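[1] with the input below, show me the fold.
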Amino acid sequence: MIREMYAEIQKQTDKHSVSELCEIYGVSRSGYYKWLKRAGQLNRYEKTHKILDSYVLDIHSHHPMMGYRQIRDKLYLEFGWIVSDPTVWKSMKRLRIHGYTRRRKAAATGTNLEHIRYANVLNRKFKAEKPMQKIVTDVTYIKHNGKWYYLAGYLDLFNNEIVEWELSDTFDNFLVMKPAERLGKATGMPMIVGEWHIGAADSGLDFGALYYAETQALRAQAIRYYLEQSTQAEHLVGIHYFEYNDQPYLGRFDGECYNIGLIDVCNRPYPLVVREFEDFARHMYPLLEGLEQPTCQPVPIWDMSRKQI
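    Residues are numbered from 1 along each chain as shown. Down below sits the predicted model:
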């Protein structure tokens, strides 16, 4: 905006003095003369933006699906540029480009078995009219005598009473599943695990996970074991894997930086893990209907304190 003002002042200097024009436009004479001296040149901020825009446009031309967060990671990994999310977003806005989201296709299970679809009954309505109508859960960490303990609590939204809980010195997925199954049996209500993951120590980022296997091969086996075991919990209707992609190389907003995704920070799949998810999808409903039995064996995994579970 101010550059346009300087340009207008320059057009009118044959009729009015610079001092009068600068006063009318609300700019300083020194600023105008500096602009005049470097007329046709870019300042250092404009030069930086121009270089950044060229990098962003280059990445977008090769990876049109990427959003600004993924482009930010790519800028660091390929060019060594450390920039913020808003800076990349503004660059994409200047260039009038954006990432694209693939439309999800309906999953094919390879079976004609009918299954129940549970509606989003809660839908962010956190007030309950009667006891045991709406129950939510989360996991918290407790440090005692230098050791970490993990508490999974189930809260009744009617009166905020803890109606079920589990305390353990290991942070595994069964910390949540065990009390969920007990509560399901007591109430007859369906349960869902909101988040779970397993990382690996041999590839991807070096920041691990809340719990992980030694290699990607063992990680894939551990994930398959958990998937199969979840089908045996009578009242468990769903488990949500968190998350699809590895967390950013420079960390999330809350500091987490885990290699727990199905794809890494460069959008490359972890093939062994993806293969197990795909194969499990073909066996999920036969397992739920009791037509098949779990076959995968457990493998050693470790928690964030390097303790084997």
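[2] and T48, how far from M191?
    According to Cβ to Cβ, to the nearest Å, T48 stands 52 Å off from M191. The C-beta positions use only the backbone N, C-alpha and C, and glycine is treated the same way.
[3] ignore the last one, S91
    44 Å.
[4] again with D279
    25 Å.
[5] about what we covered before: so between T48 and M191, which is more surrounded?
    M191 (23 against 14; other Cβ atoms under 10 Å).
[6] that one contacts E234, correct?
    No. M191 is beyond contact range of E234, at 9.6 Å (criterion: Cβ atoms under 8 Å).
[7] which SSE is the nearest residue to E292 once chain neighbours are set aside in?
    Spatial nearest neighbour of E292, excluding adjacent residues (Cβ to Cβ, 6 or more residues apart in numbering): P286 at 4.2 Å. Using DSSP states H and E, P286 falls within helix 271-288.
[8] please compute how far that helix lies from its chain's middle.
    Relative to its chain's centre, helix 271-288 lies at 22 Å (Cα atoms, centre = their mean, to the nearest Å).
[9] how is the chain divided into domains?
    If you go by automatic domain parsing, the domain ranges for the chain are 1-41, 42-98, 135-303.
[10] reformat those domains as TSV; add distance to F126 and mean pLDDT.
    Compiled in TSV, the domains of the chain are given as follows (distance: least, Cβ to Cβ, whole Å; pLDDT from 0 to 100):
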stretch	distance to F126	mean pLDDT
domain 1-41	46	77
domain 42-98	29	82
domain 135-303	6	82
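[11] helix/strand/coil for L77?
    Secondary structure for L77, judged by DSSP: H, G, I helix; E, B strand; the rest coil, is helix.
[12] verify the stated contact: it with D264.
    No. The pair L77 / D264 is not scored as a contact, 10.4 Å apart, by Cβ under 8 Å.
[13] okay, these two: which has more neighbours?
    Higher neighbour count among L77 and D264: D264, with 16 against 12, using other Cβ under 10 Å.
[14] verify the stated contact: that one with D246.
    Yes. Taking contacts as Cβ under 8 Å, D264 lies within contact range of D246: 4.9 Å.
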